[in-house]
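Participant: pasting a predicted model and its sequence here:
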Amino acid sequence: MVQTDISQLSAETSEWRQILRNYRAEFNECKKLLLDTCKQNLSKDHLQQVEHFHNQFHIQLINIHDLKQSIKNHDRKIQLQSSPSIKDSNETFTEHERLLDDFINQEVTLQELRDDFKKFISTING
């Protein structure tokens, strides 16, 4: 693994972690909005949706944390591999690709939750 590969992988992991931080902040704000929504007179169906979104935000915030920690640990391993003679560079690239897949899948899930929540809020407030 050459130095430019290490810096590129590290830059990618930093970008992923920042995106996950942004989602975490956004979903914490969504949880607050959801609590404010509960102050309204809601139908039974809307209350079930509130419960669903509350649960989903909780689950996804845990998933964000776990993925962010995995990425952080991977970045630490990358930083330790500054020597081109490291034997497990293929393992590092494989792990990086796996984390990229995990990140992409998580981001799709987060975007779907965000879109569903926006639709729900617009039906309540609209």
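Facilitator: In hand now; what should we look at? Model, not experiment: these values are computed from the prediction.
Participant: dump stretch 51-60 to CSV, restricted to CA.
Facilitator: Below are the C-alpha coordinates for stretch 51-60, written out as CSV (Å, rounded to 0.1, in the frame of the first residue of the first chain):
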residue,chain,number,x,y,z
GLU,A,51,-44.4,5.3,17.8
HIS,A,52,-43.0,3.8,14.6
PHE,A,53,-40.8,6.8,13.9
HIS,A,54,-39.7,7.1,17.5
ASN,A,55,-38.5,3.4,17.3
GLN,A,56,-36.9,3.9,13.9
PHE,A,57,-35.0,7.0,15.0
HIS,A,58,-33.7,5.1,18.1
ILE,A,59,-32.6,2.1,16.1
GLN,A,60,-31.0,4.2,13.3
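Participant: give the rounded mean pLDDT of that stretch.
Facilitator: Confidence for stretch 51-60, expressed as mean pLDDT, is 98.
Participant: with stretch 93-104 instead?
Facilitator: 95.
Participant: E29: how many residues sit nearby?
Facilitator: 10 (other C-beta atoms under 10 Å). In this view, the C-beta of every residue, glycine as well, is placed from N, C-alpha and C.
Participant: and it, how far from W16?
Facilitator: 21 Å (C-beta to C-beta, to the nearest Å).
Participant: and what of L47?
Facilitator: 36 Å.
Participant: between these two, which one's more packed in?
Facilitator: Set L47 next to W16 and count neighbours by other C-beta under 10 Å: W16 wins out with 23 against 11.
Participant: what helix or strand is the more buried one located in?
Facilitator: Counting by DSSP states H and E, the element that carries W16 is helix 3-37.
Participant: can you name the next helix or strand after the least confident helix or strand in the chain by mean pLDDT?
Facilitator: Each helix and strand of the chain was given a mean pLDDT (mean pLDDT, DSSP states H and E); the minimum falls on helix 3-37 at a mean of 92. Remark: after helix 3-37, the chain's next helix or strand is helix 44-80, criterion DSSP H and E.
Participant: now the helix or strand that that following helix is followed by and helix 3-37, what's the angle there?
Facilitator: Moving toward the C-terminus from helix 44-80, the first helix or strand encountered (DSSP H and E) is helix 89-125. Angle, helix 89-125 to helix 3-37, by axes from the mean of the first three to the mean of the last three C-alpha atoms, to 10 degrees: 20 degrees.
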